[in-house]
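A.B. asks: Sharing a sequence plus its predicted fold:
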Amino acid sequence: MFYPPERIFTPVCCRPLDRPLFYERRDQYIPLHAHSFARILANTLRLSRLVSSQIFAMSTSLRSFYFLNVLLQFAPMLNMFTMVLAGGKGERLQPLTEHRAKPAVPFGGKYRIIDFTLSNCLNSGLRKVAVLIQYKSHSLDRHIRTGWNILNAELGEFIASIPPQQRISEEWYQGTADAVYQNLFLLEAEQPDYVLVLAGDHIYKMNYMEMFHWLIAKGADAVVGAIDIPIEEAHRFGVMSVGEDFRITNFEEKPAHPQSIPNDPTHAFASMGIYLFRTNLLRKYLIADAQENGSHDFGKNIIPQMIRDRRVYAYKFVDANNKDVKYWRDIGTLDAYWEANLDLVAVDPLFNLYDQHWPIRTYQGQFPPAKFVFAQDYQGGRMGVALDSIVCGGCIFSGGRVQNSVLSPNVRVQDNADVRESVVMENVVIGAQSRIRRAIIDKDVIIPPNSEIGYNREADAQRFTVTESGLVVIAKGMRLHASFDSSG
């Protein structure tokens, strides 16, 4: 186990020691390359100008451990390649995925779902990231080009979208493993020692470097990200059986009778769709899998095969969200999407968008500030107001009211309109005197004046998508007739 004694761990990890090496905010963090840092270590005079005098007060063993710990932070950035799987259809999110891939679906007002995985990569110090796109990829590709072209290609750093190349096969990607297999040419070009495979459609915060340290500590050939979930929910996930040392002994996709975590019969380890491999071994198993007539999936094929032959460990999810309850969401249904968005407007939401030490970045459109007009605070007067809501730039409230809702940029809420418990996307107009409740309204929709949506399920179902819970979903660009009233 790569853990120092208590007396070493405390001084090594205290804030004064890493301030000389890191900026306070992660979005301003510029890593030192390992070989450059090693040259600095060789020169004590130069080193003394960079690091705190506290280090030199340490014993030799303490100082050695400190420098080893620092080098572990920098080395992976040079020899780890990240592939983000972002070609999923997201069929259960229809009609939101009618014109875009699931990772491109807007979330939290100004973000796209993929922004959370890419922000994790950036905050973890990863600088070679390939986003493998496929299904209805135009929106996603444009978002990555305009919002994530932030690294320096001259230093070998990039976040780039990679469409299917059909270099190896004329088929589209047949599974998660096949997607990586068909892009092995990227690994041949970069020659990384490690490959990190991520899903581009989950929402969470995680430092992937800690997962890398776990692989090194265990001497593992592969590591799978795992989150402990109630065992009664485990049948919906890939479930790992592990020993006392977290070595995986079995892996099943959606088992009828999932096995519990050792010493905790109420929870099971579910796969997060996060895999870290040693490159030479991954290449071997992908090539072998391509010769088989299977589903070419990491969870169904690659990981079970590696468990039999190699040292594969589970890495228990450490949540960088810093809340009492771990936050990891696979936004797989319309109701789950709506609930996750509306949680963001709570006084103390489960997911923190405002953590300056783990910033979530995205493409920033050039919108003016939000504006609220008509402050006629008397009976019958108009008042533009938003309560317990997220409101993005460019929105104008012209005497309308919004409550417990999430509004994307450039939304118009007109005279005496009332919007409650809804997710409203970019360029939507809510007509005067309209009433909206429990709805998701996709981009470029104009709600005519005097409309009522979310108050009559039968009438809504004749025009829109309505879930079992009664949530109304209006597709992108849908044209509605004037004076549409769902109340009949």
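C.D. replies: Here it is on my side, so go on. Residues are numbered from 1 along each chain as shown.
A.B. asks: Can you check the pLDDT for the closest residue to residue 426 other than its chain neighbours?
C.D. replies: In this structure, residue 426 finds its nearest non-sequential neighbour in residue 408, 4.3 Å apart by CB to CB, 6 or more residues apart in numbering. For every residue, glycine as well, the C-beta is placed using N, CA and C. Residue 408 is assigned a pLDDT of 98 by the prediction.
A.B. asks: cool, and residue 135?
C.D. replies: 86.
A.B. asks: who touches it in this structure?
C.D. replies: When contacts are counted by CB atoms under 8 Å, 6 or more residues apart in numbering, residue 135 touches 87, 88, 89, 101.
A.B. asks: phi, psi of the residue lying closest to the third one once chain neighbours are set aside?
C.D. replies: Translated: residue 89. Spatial nearest neighbour of residue 89, chain neighbours left out: residue 135 (4.9 Å); criterion: CB to CB, 6+ apart. With angles defined as degrees, to the nearest 10, residue 135 sits at phi -80, psi 120.
A.B. asks: where's residue 135 relative to residue 97, distance?
C.D. replies: Going from residue 135 to residue 97 by CB to CB, to the nearest Å gives 8 Å.
A.B. asks: Residues that sit against both of these two, list them.
C.D. replies: Joint contacts of residue 135 and residue 97 (CB under 8 Å, 6+ apart) are residue 89.
A.B. asks: So for the nearest residue to residue 110 once chain neighbours are set aside, what's the pLDDT?
C.D. replies: Closest residue to residue 110 apart from its sequence neighbours, by CB to CB, 6+ apart: residue 392 at 5.0 Å. Looking at residue 392, its pLDDT is 97.
A.B. asks: my guess is residue 392 contacts residue 409, does it?
C.D. replies: Yes: at 4.3 Å, residue 392 counts as touching residue 409 under the criterion of CB atoms under 8 Å.
A.B. asks: where do the contact lists of these two overlap?
C.D. replies: Residues within reach of residue 392 and of residue 409 at once, by CB under 8 Å, 6+ apart, are 109, 110, 367.
A.B. asks: Who wins on neighbours among the residues you listed?
C.D. replies: Sorting the shared contacts of residue 392 and residue 409 by how many neighbours each has (other CB atoms under 10 Å) puts residue 109 first, at 26 neighbours.
A.B. asks: List the residues that contact the residue nearest to residue 110.
C.D. replies: Taking CB under 8 Å, 6+ apart, one finds 109, 110, 367, 370, 407, 408, 409, 410, 411 in contact with residue 392.
A.B. asks: where does it sit relative to residue 405, distance-wise?
C.D. replies: Distance of residue 392 to residue 405, computed by CB to CB: 12 Å.
A.B. asks: Likewise for residue 261?
C.D. replies: Counting by CB to CB, the gap from residue 261 to residue 405 is 38 Å.
A.B. asks: Find the pair from the contacts of residue 135 with maximum spatial separation.
C.D. replies: Comparing all pairs in the contacts of residue 135 by CB to CB, the longest separation belongs to 87 and 89, at 8.1 Å.
A.B. asks: okay, and the common contacts of those two?
C.D. replies: Both residue 87 and residue 89 are contacted by 101, 135, under the criterion CB under 8 Å, 6+ apart.
A.B. asks: between those two, which one's more packed in?
C.D. replies: Legend: neighbour count by other CB under 10 Å for residue 87 and residue 89, higher for residue 87 (24 against 13).
A.B. asks: Show me the contacts of residue 135 that map onto helices.
C.D. replies: Secondary structure defined by DSSP state H assigns none of the contacts of residue 135 to helices.
A.B. asks: now, which of the residues you listed sits nearest residue 139?
C.D. replies: Taking CB to CB as the measure, residue 139 sits nearest to residue 101 out of those, at 7.3 Å.
A.B. asks: Okay, and residue 340 sits in which element?
C.D. replies: helix 334-343 (DSSP states H and E).
A.B. asks: so what does the following helix or strand past that helix touch, helix or strand wise?
C.D. replies: Downstream of helix 334-343, the first helix or strand assigned by DSSP H and E is strand 371-373. For strand 371-373, the packing partners by 3 or more CB pairs under 8 Å, 6 or more residues apart in numbering; DSSP states H and E come out as strand 396-398.
A.B. asks: tell me which residues of the strand it packs on are tucked away?
C.D. replies: For strand 396-398, burial by neighbour count (16 or more other CB atoms under 10 Å) applies to 396, 397, 398.
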